[in-house]
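**Q** 3D, please:
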Amino acid sequence: MDVGELRSGDIHHLPERRSAHYATGLQLARHILAATGRMIAPGSNPAWTFLIRTPELIEDAIRSILRRALCDIIDVKKSGLRLKPSKLTLNPDLLFGNIAVGDVKYSLLGSDWNRSHLYQAVAFATGYRVSRAGVFGFTSSDLRPPGLQVGPVHVRAFTWLAKEEVTPEVAEAKLVNEAHGWIGPGA
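**A** Numbering: from 1, shown residues only. Below is the predicted model of the structure:
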């Protein structure tokens with residue numbers, strides 16, 4: 001509401017103390033308006049960057065897709081469990097009612113298990129006293145780690161097919177169908 005017409009001197013505006021948190025965005029906007037090019041190479045001007053944490057966005061997206069697709073048979077949510085008397089917690093990305101846990105990996109899964117992914121899935125299932133654990137990741141082929149039985153826990157890998165010729169809708173449908181078959185209509 002309090003913004004007036006753009007004037008040529010506005011590009012040199014300095015934010016006041018109460019709006020100092022906009023300084024970084026303002027600097028980036030100036031570079032964009034000036035058509036300043038960027039490359040990864042040494043140069044005479046200092047540069048900086050920032051990262052947007054994407055693992056949480058991926059976890060939230062997978063959880064949202066599964067929650068929406070499985071809502072008629074089971075509740076899908078994120079959960080945490082404190083291991084008393086310590087302050088340690090188990091925090092799987094996916095809790096499927098009281099029958100299974102899942103963890104989303106922001107990486108490509110191969111044809112064999114990553115040991116830490118496997119151990120973490122078994123620990124989550126053991127802590128939540130369920131017999132099913134899923135590791136949800138990505139693949140650029142149809143390869144995935146085989147299902148394993150570790151004591152009373154069955155661990156299975158679920159993949160989002162990330163290939164150029166596969167649309168996100170097809171990859172989503174494949175993942176949902178696998179998860180639905182795993183959880184089952186009688187869950």
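**Q** so how far is Ala179 from Asn8?
**A** Slight slip there: residue 8 is Ser, not Asn. The gap separating Ser8 from Ala179 is 57 Å, by C-beta to C-beta, to the nearest Å. To be clear about C-beta, it is placed using only N, CA and C from the backbone, and glycine gets the same treatment.
**Q** Between the two, which is the more surrounded one?
**A** Using other C-beta atoms under 10 Å as the criterion, Ser8 and Ala179 rank with Ala179 on top: 24 against 6.
**Q** For the more buried one, which non-adjacent residue is closest in space?
**A** Spatially, and ignoring its direct neighbours in sequence, Ala179 is nearest to Leu66 (5.7 Å; C-beta to C-beta, 6 or more residues apart in numbering).
**Q** I'd like the next helix or strand past the helix or strand that neighbour falls within.
**A** Using DSSP states H and E, Leu66 falls within helix 55-70. Using DSSP H and E, the helix or strand that follows helix 55-70 in sequence is strand 76-77.
**Q** Name the strands paired with the helix or strand just after that following strand and say parallel or antiparallel.
**A** Next in sequence after strand 76-77, counting helices and strands by DSSP H and E, comes strand 81-82. If you go by DSSP bridges, strand 81-82 pairs up with strand 89-90 (antiparallel).
**Q** Now tell me what touches the partner strand from outside.
**A** Gly80, Leu81, Arg82, Leu83, Ala123, Phe124, Gly127, Tyr128 (C-beta atoms under 8 Å, 6 or more residues apart in numbering).
**Q** Pick the one among the residues you listed closest to Arg53.
**A** Of all these, Arg53 sits closest to Gly80, with 18.7 Å by C-beta to C-beta.
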